[in-house]
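Trainee: What would the 3D arrangement of this be:
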Amino acid sequence: MTQIRLSIELDISQETVSAYESGKHFPSVQILLKLSEIFNVSCDYILGLSDVKCIQNGGEYNPDEIALISLYRTLSPSERKMTKAYMQGIFDKSHQL
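Mentor: You can find the predicted model right below:
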């Protein structure tokens, strides 16, 4: 895919795509998720954190769940701990008697 075609798909400039490729700039989370969808690869793979192109789904995860897993894997251990605590808080609040 050309930089121009990708820039159209992402609704960004060709210069921005070039900056992503050269490592001068990094994509936002929204752009990262779009790239993941366009190329059918995990966010981890795009970020160079994994050699595995795509999470093996087996039909048990929907696209939103796959995106969350990919993003979670990019977090530091302390960020993962905060994320889990936040999600637990939401769960606890929504399941109060």
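Trainee: Lowest mean pLDDT among the helices and strands of this structure, which one is it?
Mentor: Every helix and strand of the chain was ranked by mean pLDDT, DSSP states H and E. The lowest is helix 63-74, at a mean of 82.
Trainee: Next secondary structure element downstream of that helix?
Mentor: Helices and strands here follow DSSP states H and E; after helix 63-74, the next one along the chain is helix 77-94.
Trainee: Can you classify residue 50 as helix, strand or coil?
Mentor: coil (DSSP: H, G, I helix; E, B strand; the rest coil).
Trainee: what about it, how many neighbours?
Mentor: Counted with other Cβ atoms under 10 Å, residues neighbouring residue 50 total 17. Bear in mind the C-beta positions are built from the backbone N, C-alpha and C, glycine included.
Trainee: any idea of the pLDDT on it?
Mentor: pLDDT for residue 50: 80.
Trainee: what do you get for residue 24?
Mentor: So, for residue 24, pLDDT stands at 94.
Trainee: Check whether it sits in a helix, strand or coil.
Mentor: Three-state call for residue 24 (three-state DSSP): coil.
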